[in-house]
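Peer 1: everything below, folded, please.
(chains A and B)
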Number of protein chains: 2
Amino acid sequence: VTAPITFSGNPLDRASERRTDAAWLADLRAAGRFLPFWQNRPLIKDGRAAFQAWSPELGSGTCVFLGLENAQGYFAIEIGGETAPALAGEFQEMRPAALVLPPRDAAIAGQAKTLLDWHARHGFCPNCGHATEMKDGGWRWLCPACGSEHFPRTDPVVIMLPVLGDECLLGRNARFVNGLWSAFAGFVEPGETLEEAVRRELKEETALQVGAVRYQQSQPWPFPSSLMLGCHAEALSRDFRIDGMEIAEARWMTKVEVRARLADKIVDEIRLPPGIAIARHLLMEWVKG
Amino acid sequence: VTAPITFSGNPLDRASERRTDAAWLADLRAAGRFLPFWQNRPLIKDGRAAFQAWSPELGSGTCVFLGLENAQGYFAIEIGGETAPALAGEFQEMRPAALVLPPRDAAIAGQAKTLLDWHARHGFCPNCGHATEMKDGGWRWLCPACGSEHFPRTDPVVIMLPVLGDECLLGRNARFVNGLWSAFAGFVEPGETLEEAVRRELKEETALQVGAVRYQQSQPWPFPSSLMLGCHAEALSRDFRIDGMEIAEARWMTKVEVRARLADKIVDEIRLPPGIAIARHLLMEWVKG
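Peer 2: Modelled structure (predicted):
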């Protein structure tokens, strides 16, 4: 594996056996450290996640338990309202924030964002429609009407680089900002293995014939709740066909060219994925060989 | 990889680009093949999934689109009611059914079970509590009140075999039926990689120090909607500690012993995981080396 990947390396101990204890959590919260979020953005100050002691400005929004470090409890809290609260620092979008934060802070902020995001859209029981109650510091919702339990979801996504000899296939997604060429990706569906999902997605998006699939590494991706499963997929032929809709363009690129582009030695309209993205790690690993 | 794994090898083309077309789906349904489910159990006849043409006995319960084969549409339909409907065959529990069905039928029935199960528990919008409407043959729910979309969930689960030299660590889960010793497992949580989830779960369940984690293969597991991600985890020491609660017992087992047990050459109270389980595939791969 090439290098630590953004949003990994979370140092907090999730204490999953203890967070079910409401009294324990309440004690922890009294002396806790809180990362404020506003409109889905973490508070950043001096290039760090702005954890702070509780204060009335933090309000009474959704508060989730992130974990323990040195016996101290870390929490994230969503602050509502139309205007940004008067707290020292700046509420920044997660993507640009992840580029500047130390890896541990990006990982913690990413974990917090996924949890708060999930809570913002899951206040009601999907089984009966009743309002649910948060339990276990945000790791479980219980429906008081029908008794069903609900847990924050994590969506497995396959992301794969098709390779054939000295070339790999990259695509330009129609939704991508201009010039970004990357690996192919899609959600794993019920009833398929990771490897089958890789083959299906490549068939749908590129009509490529695929042989062996090799898993490389994974990444939690908090937009909103994906687990990216990065793979190399051996193409059996250079023939591909794109629909021109979801994938606007695709083309084979040699190792020599990818290496040069990763090193910023070619300056044109094509951009490879940024360091924050697992797709770049797939490319970095491939050009090594 | 050792052998095809149960619930993989689904031959149907999910046609995910076309299933968004309601008129196309309606045409397909008129000449479709339907697998009846009753109380979460697929209908089995002569050792096969009992797909059949539509008939009034199938009723008007939730019907989901599974995929295409030879231009024919395959669907699953949930039949309500307290007593089993009078259809030729037997409604069997998924686990025993998977042991007898041909692999392709087990895969299709597993996919169907996950989808129907999800639908049975997700009739209401988690965002606002309103009743939702099924779209895309069951692959999307739309809330007519708040406009939010919801998709069937797939829960990534790590399952890992700790290995140290010539030994592996197996545990007996307190929830397991008597005598079953297996690998360790747990849900991947928001904000962690697959490899971090392996380490966290092993730390929680066994207090084991873990080095490299190596992914082996995956399995869709329709109880109700897991994606099992099977790994080997290099243990750095033989020391472990279990809580005696979730994990009732654990012990190191040599390759010689595991090989003998996989071949049914040791008859005692210890049972290894059955062929249906990815844990057995982890063991089979490990004893090869």
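Peer 1: do you know how far A:Val163 is from A:Leu28?
Peer 2: According to C-beta to C-beta, to the nearest Å, A:Val163 stands 48 Å off from A:Leu28. In this view, the C-beta of every residue, glycine as well, is placed from N, C-alpha and C.
Peer 1: list the contacts for the nearest residue to A:Phe91 once chain neighbours are set aside?
Peer 2: Nearest non-adjacent residue to A:Phe91, counting by C-beta to C-beta, 6 or more residues apart in numbering or on different chains: A:Arg41, 4.1 Å away. By C-beta atoms under 8 Å, 6 or more residues apart in numbering or on different chains, the contact set of A:Arg41 is A:Phe91, A:Gln92, A:Glu93, A:Met94, A:Ala97.
Peer 1: farthest-apart pair in those, please.
Peer 2: A:Phe91 and A:Met94 (10.4 Å; C-beta to C-beta).
Peer 1: looking at those two, which one has more neighbours?
Peer 2: Taking neighbours as other C-beta atoms under 10 Å in any protein chain shown, A:Phe91 and A:Met94 compare with A:Met94 leading, 23 against 19.
Peer 1: ramachandran coordinates for the more buried one?
Peer 2: When read as degrees, to the nearest 10, the backbone of A:Met94 gives phi -60, psi -40.
Peer 1: hmm, it is touching A:Phe37, no?
Peer 2: No. In this structure A:Met94 lies outside contact range of A:Phe37 using C-beta atoms under 8 Å: 9.6 Å.
Peer 1: which ones are touching A:Met245?
Peer 2: A:Ala174.
Peer 1: that one is in what secondary structure piece?
Peer 2: Counting by DSSP states H and E, there is no helix or strand that carries A:Met245.
Peer 1: what pLDDT does it get?
Peer 2: What the model reports for A:Met245 is a pLDDT of 82.
Peer 1: cool, and A:Leu283?
Peer 2: Looking at A:Leu283, the pLDDT reads 98.
Peer 1: quote the end-to-end distance of stretch A:215-227.
Peer 2: For stretch A:215-227, the first-to-last residue distance is 13 Å (C-alpha to C-alpha, to the nearest Å).
Peer 1: one more: stretch A:172-182?
Peer 2: Start-to-end span of stretch A:172-182 (C-alpha to C-alpha) is 6 Å.
Peer 1: now stretch A:52-65
Peer 2: First residue to last in stretch A:52-65 (C-alpha to C-alpha) measures 14 Å.
Peer 1: which residues are contacting the lengthiest helix in chain A?
Peer 2: Taking DSSP state H as the criterion, chain A has its longest helix at helix A:103-120. Here helix A:103-120 makes contact (C-beta under 8 Å, 6+ apart) with A:4, A:6-12, A:35, A:37, A:40, A:42, A:48-49, A:62, A:64, A:66, A:74, A:76, A:78, A:94, A:97-98, A:101, A:134, A:138-139, A:152-154, A:220-222, A:224-225, B:190-192.
Peer 1: do that again at 7 Å, thanks
Peer 2: A:4, A:6-12, A:35, A:37, A:40, A:42, A:48-49, A:62, A:64, A:66, A:74, A:76, A:78, A:94, A:97-98, A:101, A:138, A:152-153, A:220, A:222, A:224-225, B:190-191 (C-beta atoms under 7 Å, 6 or more residues apart in numbering or on different chains).
Peer 1: swap in stretch A:177-186?
Peer 2: In contact with stretch A:177-186 (C-beta under 7 Å, 6+ apart) are residues A:157-161, A:170-173, A:197, A:201-202, A:205-206, A:269-273, A:279, A:282.
Peer 1: restricted to helices, list those residues.
Peer 2: Checking the contacts of stretch A:177-186 against DSSP H, those in helices are A:Ala197, A:Glu201, A:Leu202, A:Glu205, A:Thr206, A:Ala279, A:Leu282.
Peer 1: can you pick the most crowded of the residues you listed?
Peer 2: A:Ala197 (26 neighbours).
Peer 1: relative to chain B, how far out is it?
Peer 2: 9 Å (C-beta to the nearest C-beta, to the nearest Å).
Peer 1: report the buried residues of the lengthiest strand in chain A.
Peer 2: Using DSSP state E to define each element, chain A has its longest strand at strand A:210-221. Across strand A:210-221, burial judged by 16 or more other C-beta atoms under 10 Å in any protein chain shown covers A:Val210, A:Val213, A:Tyr215, A:Gln216, A:Gln217, A:Ser218, A:Gln219, A:Pro220, A:Trp221.
Peer 1: rounded mean pLDDT for the helix or strand that comes right after it, please.
Peer 2: Using DSSP H and E, the helix or strand that follows strand A:210-221 towards the C-terminus is strand A:226-235. For strand A:226-235, mean pLDDT is 98.
Peer 1: then stretch A:53-70?
Peer 2: Stretch A:53-70 comes out at a mean pLDDT of 95.
Peer 1: run the chain-centre distance for stretch A:36-43.
Peer 2: 16 Å (C-alpha atoms, centre = their mean, to the nearest Å).
Peer 1: kindly export it (C-alpha atoms) in CSV.
Peer 2: Provided in CSV are the C-alpha atoms of stretch A:36-43 (Å, rounded to 0.1, in the frame of the first residue of the first chain):
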residue,chain,number,x,y,z
PRO,A,36,-18.9,22.0,16.1
PHE,A,37,-20.5,21.4,12.7
TRP,A,38,-22.7,23.9,10.9
GLN,A,39,-24.4,23.1,7.7
ASN,A,40,-22.4,19.9,7.4
ARG,A,41,-19.1,21.7,7.8
PRO,A,42,-16.6,21.2,10.6
LEU,A,43,-15.1,24.1,12.4
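Peer 1: now it: buried residues?
Peer 2: Applying 16+ other C-beta under 10 Å to stretch A:36-43 flags A:Pro36, A:Phe37, A:Trp38, A:Asn40, A:Arg41, A:Pro42, A:Leu43 as buried.
Peer 1: coming back round to it: against which helices or strands is the longest strand of chain A packed?
Peer 2: Contacts defined by 3 or more C-beta pairs under 7 Å, 6 or more residues apart in numbering or on different chains; DSSP states H and E place strand A:210-221 against helix A:194-206, strand A:226-235, helix A:278-288.
Peer 1: quick one, grab the pLDDT at A:Gly289.
Peer 2: Note on A:Gly289: pLDDT of 71.
Peer 1: so it versus chain B, what's the distance?
Peer 2: From A:Gly289 to chain B the distance is 18 Å (C-beta to the nearest C-beta).
Peer 1: can you report how many residues lie near that residue?
Peer 2: Neighbours of A:Gly289 (other C-beta under 10 Å): 8.
Peer 1: A:Val163 and A:Leu236 touch, don't they?
Peer 2: No. At 11.1 Å, A:Val163 does not count as touching A:Leu236 under the criterion of C-beta atoms under 7 Å.
Peer 1: residues contacting the residue in the stretch 151-289 of chain A positioned nearest to chain B?
Peer 2: With C-beta to the nearest C-beta, the shortest gap between the stretch 151-289 of chain A and chain B falls at A:Gly191, namely 2.7 Å. Taking C-beta under 7 Å, 6+ apart, we find A:Gly191 in contact with B:Phe7, B:Asn10, B:Ala107, B:Gly110, B:Gln111, B:Thr114, B:Pro220.
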